[in-house]
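K.L.:
Predicted model, plus sequence, below.
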Amino acid sequence: MREVICIVCPKGCHLRIEETANGDYNVSGASCERGIEYGINEVTNPVRVLTSTVKVEGGSLVRCPVRTDGSIPKSKIFECMEEINNVTAKAPVTVGDVLIEDIAGTGIALIATRSVS
Ligand code: SF4
């Protein structure tokens, strides 16, 4: 059995996920369907939205905040961070600009969350 806190909404339900004999999962403690889905994903394919910053050249700030435009597998986070650390954006950067189109082969883009002039 695994116990995790659901992070889908601020309520933070305490979930207990048990694998059944036929390979399915029972999730208890969730107040809604989204929590059940989150609990199952946490034990089968945990994913996260990754937030970080990238270097900016010629701008009013030296780094620009960024996030992935969707959830990526937790197992890919270090690979994603290596790509992020190797990227330098050229100012101006506009919020929503795609700085990496397919980060670490996940099919997910890395986008700017702040404009840098
Ligand atoms: S189970 Fe539902 S209500 Fe509880 S934290 Fe997750 S999303 Fe929110």
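P.N.:
Everything's here; your move.

K.L.:
Residue of this protein nearest the ligand, please.
P.N.:
G35 (2.1 Å; Cβ to the nearest ligand atom). For every residue, glycine as well, the C-beta is placed using N, CA and C.

K.L.:
Quick check: closest non-adjacent residue to that residue.
P.N.:
Nearest residue to G35 in three dimensions, chain neighbours excluded: C6, at 4.4 Å (Cβ to Cβ, 6 or more residues apart in numbering).

K.L.:
again, but for V98
P.N.:
Spatial nearest neighbour of V98, chain neighbours left out: A109 (4.8 Å); criterion: Cβ to Cβ, 6+ apart.

K.L.:
Would you check that that neighbour makes contact with D69?
P.N.:
Yes - assessed by Cβ atoms under 8 Å, A109 is found in contact with D69 at 4.4 Å.

K.L.:
overlap in contacts of those two?
P.N.:
Residues touching both A109 and D69 by Cβ atoms under 8 Å, 6 or more residues apart in numbering: V98.

K.L.:
quick one: which helix or strand includes the residue in the chain sticking out farthest from the centre?
P.N.:
Distance from the C-alpha centroid of the chain peaks at A21, with 31.1 Å (Cα atoms, centre = their mean). Per DSSP states H and E: A21 is located in neither a helix nor a strand.
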